[in-house]
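J.: Whatever this is, show me its structure:
(2 chains)
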Amino acid sequence: MADTPNTVSLTIDGHEVTVPKGTTLLEAAKTIGEDVPHYCYHPGLSAPAMCRLCLVEVEGAPKPMPSCVTTAADGQVVHTQSDLALSRRRGVLEFYLVNHPLDCPICDQSGECKLQDYVHQEGRDHGRSREPKRVFGRDDFGGDVLFYGDRCVMCTRCVRFMTEMEQDSRLTVVERGNRSVIDTFFEEGLEGTNWSGNIVDICPVGALVSKDFLHKARAWDLEHTPSICPSCSQGCNISLHTRDNLVQRLKPRENMEVNGWWMCDHGRANYEWMNHGQRLEAPLVRTEDAVRAMGWKEAVGALLDRAETTSGSVKAVVSPFASNEDLAAVRSLVDALGGGSMVYRMARADAEVPMDGFPILARRRDLAPNGRGAEIMGASRVGDDDGVGGLDDVAGHDGVVIVLGDPLVDQDASFGQSASLFAYLGMHGSPATGAADFSLPITNFAEQEGTFTNHEGRVQRFWPGLRGPGAAQPAWFVLGAFQAARSGDPAPRSAADAFAALAASEPALAGMTYDDLGARGAVLNETVSVPGG
Amino acid sequence: MAISVKVMERPEPETTSYLRAALSGMALTFKHMINPQKVTQQYPEEQTDLHPRWRGTHRMEVHADGRPKCVACGLCPTVCPANCIRLVGGEDDQGNRYPIVYEIDEFRCIFCGMCQEVCPVEAIHVGRHFENAEYTRDRFIYDLDRLTHQEHPTTLLWDPSDPRSE
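T.: Reported below is the predicted structural model:
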């Protein structure tokens, strides 16, 4: 309240609002659900107050104030929707449309464009400008970025992002007045930058668009699913944008404790594998004479029969792309079959790629989302920094061999030939998986619900954005059904069940539930480090 | 309750003549033979005069050089209530956005004409045409080539003689 020194109370549109000292009027208005139109202001960047679109009326002030830089003060009375504020903002919007081409039908931003939104919200319904518009054409900025100068509203978010966040000033404003335009220096462009894809996200209009996404889908056709970027152990919060059961692009999702509003170009571009068509679609079981496709019930029954008669220790190869629930299911299977070892392989980059303006964010060295989770489940890392090799003792093992998710592309057909039982739970077949007694199709992270544990031990949930192919099921579901049939306990019915069982058995995750994790994640109780990281 | 039955008396055959009724019928027939006022339309020799707002088979307008006018904005598949338009956009060698695939399933189409109404570049139209019978089902999926080569007149969005629909 007003009597405590660190907050101020003011009135916005008739609502009494109490906010921390130093809060801008624009942020204060957000707390009552009032989104004041703005272009140049972005919560992650400095506010130059140059777009003049966030004007609001403050009682006692001689003229409308830009709400993005006006700090809230005690007793202020602010009107964001008064006639004065609306007429000023309408005037500003009309000036934006003097030069903005109305090429919405061919603009990729159409449907998620702030100029469209604001003009619909409070702009004039007809333009009055009769003068010809300025024409710049389009420019290839390098990297994944294409620049349509005509559409630019000169908010300079992109210039400030490159200067303040990436801290590599590749963009600037050239010329003056209505000829001013964003440009790169010489022929250098954005080539070689690591975070420049973010300027496409923060561009409020269609001036900066992604080459990869160009003309691919309309914004309103895409479904958005909250997920976690699987390209490194940072665990950036992302949205899968999907259409026709295919991932069309990845966009960052705000999480101030992990990635802010940003994600790296490496992660952004690395999504085609989720749409991979050559998938295992039905459980394949080796019988005396042939490999036969079976239904799940039959296949799990056959696996039960085989598990009764096999002997020898268990060696499991798991993937750091598997969720915590899947890894825990493999661990409990290893324990149930008499115990053994678990290993995983993970590609590792030469160096971290930090984002200088947001120090907790970097493209980490570990190029998989859940190496930390695999460590917690007791797996140890083998192989080299390309994520290959290291499986010599598993390949010739004469006991039970279980492989989860690792497609074994570097192994030859002799892998697992001498095993008493070789079960492969994966998405794709390869020469090495041909010897498997059981090839069971499982879903990838984009097709199932689950959690990843990132480099700092933050457990974060992801949600399914795609339908899995054929009969593919999550590994925790398959192995849970197998364990339930063996022990008579109830099988996990949902990923939340599987996670609850994991939290009950693993001290590092004790007390966590899906509800507590929410969309933001929570940090592990104890630290587990990835060796060599 | 007992059912009461009324017994009808038929006229005797020898005393009944149908000639009078037959003659009056024939008189009407011969009267129509010489009557110039015909109501039957002699289709297909004589074609129907379709209303200017008749909504029938689609066609796509083209530029002078033969390129379709469509810019693949995606509004027609979005607005289509029957979900009968399939569109894949792309970019041609001049940097123009254009439809790589544009298909209309005339079987699914309900001829509401909303695709024509929503089109920002007046490319797709429904037409004043209804004779679209085919021998095979797959011929009812009209691709871009077929749509651009249709020759029938396009539908008008309003009747020029009554623009306000009064």
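J.: if I look at A:L115, how far off is A:C104?
T.: A:L115 sits 9 Å away from A:C104 when distances are taken as CB to CB, to the nearest Å. For glycine as for every other residue, the C-beta is placed from the backbone atoms N, C-alpha and C.
J.: Who has more neighbours out of those two?
T.: Taking other CB atoms under 10 Å in any protein chain shown, A:L115 and A:C104 do not tie; A:L115 has more neighbours (23 against 18).
J.: quick one: average pLDDT of the strand or helix carrying that one?
T.: Assigned by DSSP states H and E, A:L115 belongs to helix A:114-122. Averaged over helix A:114-122, pLDDT sits at 94.
J.: Which positions in it come out as buried?
T.: By 16 or more other CB atoms under 10 Å in any protein chain shown, the buried positions in helix A:114-122 come out as A:K114, A:L115, A:Q116, A:Y118, A:V119.
J.: What of stretch B:37-51?
T.: Buried, per 16+ other CB under 10 Å, within stretch B:37-51: B:L50.
J.: now that stretch: how far from the chain's centre is it?
T.: The chain centroid and the centroid of stretch B:37-51 are separated by 15 Å, computed with CA atoms, centre = their mean, to the nearest Å.
J.: what does chain A have sitting close to chain B?
T.: A:C104, A:P105, A:I106, A:S110, A:R138, A:L214, A:H215, A:K216, A:R218, A:W220, A:D221 (CB under 8 Å from any CB of the partner chain).
J.: Verify the contact between the first one and A:V119 for me.
T.: No. Using CB atoms under 8 Å, A:C104 and A:V119 do not qualify as a contacting pair, with a distance of 10.5 Å.
J.: in what helix or strand does residue 5 lie?
T.: Reading this off chain A. Using DSSP H and E, A:P5 sits within no helix or strand.
J.: switch to chain B, that's the one I care about
T.: Counting by DSSP H and E, B:V5 is part of no helix or strand.
J.: count of neighbours near it?
T.: Neighbours around B:V5, by other CB under 10 Å: 5.
J.: and if you look at A:S380?
T.: A count of nearby residues for A:S380, using other CB under 10 Å, gives 11.
J.: Helix or strand for the nearest residue to it once chain neighbours are set aside, just tell me which one.
T.: Nearest residue to A:S380, sequence neighbours excluded (CB to CB, 6 or more residues apart in numbering or on different chains): A:V343, at 5.7 Å. For A:V343, the host element (DSSP H and E) is strand A:340-345.
J.: Alpha carbons only: can I get that strand in PDB?
T.: Extracted C-alpha coordinates of strand A:340-345, given in PDB (Å, rounded to 0.1, in the frame of the first residue of the first chain):
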ATOM      1  CA  GLY A 340      22.800 -53.700 -14.400                       C
ATOM      2  CA  SER A 341      24.200 -50.500 -16.000                       C
ATOM      3  CA  MET A 342      22.700 -47.600 -17.900                       C
ATOM      4  CA  VAL A 343      24.700 -45.500 -20.300                       C
ATOM      5  CA  TYR A 344      23.800 -42.600 -22.600                       C
ATOM      6  CA  ARG A 345      25.600 -40.800 -25.400                       C
END
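J.: Which elements pack onto whichever helix or strand comes after that strand?
T.: Note on strand A:340-345: by DSSP H and E, the next helix or strand toward the C-terminus is strand A:353-354. Identification of packing neighbours for strand A:353-354 by 3 or more CB pairs under 8 Å, 6 or more residues apart in numbering or on different chains; DSSP states H and E yields strand A:362-363.
J.: so what strands line up beside the strand it packs on?
T.: Applying DSSP bridges, strand A:362-363 is found paired with strand A:353-354 (antiparallel).
J.: contacting residues around the partner strand?
T.: A:N194, A:C264, A:H266, A:L361, A:A362, A:R363 (CB atoms under 8 Å, 6 or more residues apart in numbering or on different chains).
J.: For these, which entry has the maximal number of neighbours?
T.: Comparing the contacts of strand A:353-354 on neighbour count, A:C264 comes out first with 28 neighbours (neighbours: other CB under 10 Å).
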